[in-house]
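**Student:** Pasting a predicted model and its sequence here:
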Amino acid sequence: MKKVLVVEDDGPIRELCVTVLADAGFLVSAAPNGARALERCREVQPDLVLLDLSMPVMDGFEFLRRRDCTAPVVIMSAAYHRPRLDPSARVRDFIEKPFDLQSLVTRVGKALDAEERPAVV
């Protein structure tokens, strides 16, 4: 079973993502900010991180700079453009909020299946 870490500060969105992904067969854990996500990465060794960019305490950009896990990332953001990121960030997809729940499941699955695909920059 693939492990997904959901990093999202908005509680209802975080819980919705956790529920939908768990119902789709993923083993899901969650964190409300980048600082807690660093801890969760060490604890659960996720296969993929679903990451919001705009969060208090530590945002998604700082999480990407400081993380020590190599799991690929799918960014979910209300931003209207894809941020430029270093290819070492291993960003596999960018999902714009609001998003369709079935599309979320499909895109997370594709990102996990496509480990050899070049990163999105």
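**Tutor:** In hand now; what should we look at?

**Student:** ok, now which ones touch the closest residue to S77 other than its chain neighbours?
**Tutor:** Leaving aside its sequence neighbours, S77 sits nearest to L53 (C-beta to C-beta, 6 or more residues apart in numbering; 4.7 Å). Where C-beta positions appear, they are placed from N, C-alpha and C, glycine not excepted. Applying C-beta atoms under 8 Å, 6 or more residues apart in numbering to L53 gives the contacts D59, G60, F61, I75, S77, A79, P83.

**Student:** now do V74
**Tutor:** Contact analysis of V74 by C-beta under 8 Å, 6+ apart lists L48, V49, L50, L51, V91, R92, D93, F94, I95, R107, V108, A111.

**Student:** Going by distance to L38, which of these wins?
**Tutor:** Nearest to L38 among these is V49, at 10.6 Å by C-beta to C-beta.

**Student:** The residue nearest to K2 when sequence neighbours are not counted: what's it in contact with?
**Tutor:** Spatial nearest neighbour of K2, chain neighbours left out: D47 (4.6 Å); criterion: C-beta to C-beta, 6+ apart. Counting by C-beta under 8 Å, 6+ apart, D47 touches K2, K3, V4, A71, L112.

**Student:** now do 6 Å
**Tutor:** K2, K3, A71, L112 (C-beta atoms under 6 Å, 6 or more residues apart in numbering).
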